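Undergrad: Here's my sequence, what's the structure:
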Amino acid sequence: QVHLVESGGRLVQAGDSLRLSCAGSGPAFSIYSMAWFRQAPGKERGKEREFVAGIFWTGGSTNYADSVKGRFTISRNNAENMVYLQMNSLKPEDTAVYYCAAGTLLLTTPEGYTSWGQGTQVTVSS
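TA: Here you go, the predicted structure:
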């Protein structure tokens, strides 16, 4: 498993941009697929964490939730064990705790990931 630490979350206004970072440590970080999930307050049980974006270990393949396509971009730097989520045109409904996750496959469900960070809060005011 890898150890993950997210950073970059804060209070912003609607329309602003924000970049989240995820620093990884541990063996073979570069061979893990990485993803960002988010958990908004009040989500019903069983649907707490929502897939946002994912990137294959090579960086050559990415996947996005429909709600963020065209606004968010995931990227990674394997040389520095970093994953990023660039978020543009933020909306109040993007308010959530954002989690970085590592897994062996690029999946859209939380169960597919074995390592998680502690999360970083993003709040978008209207």
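Undergrad: Which residue is the nearest non-sequential neighbour of the one residue sitting closest to the centre of the chain?
TA: Per C-alpha atoms, centre = their mean, the C-alpha nearest to the average position across the chain is that of Trp36, at 1.9 Å. Leaving aside its sequence neighbours, Trp36 sits nearest to Val52 (C-beta to C-beta, 6 or more residues apart in numbering; 4.3 Å). Yep, even glycine has a C-beta here, placed from its N, CA and C like the rest.
Undergrad: Which helix or which strand is home to the one you found?
TA: Using DSSP states H and E, Val52 sits within strand 50-55.
Undergrad: next SSE after that strand?
TA: Next helix or strand after strand 50-55 toward the C-terminus (DSSP H and E): strand 62-64.
Undergrad: residues of that next one that come out buried?
TA: Going by neighbour count (16 or more other C-beta atoms under 10 Å), the buried part of strand 62-64 is Asn63, Tyr64.
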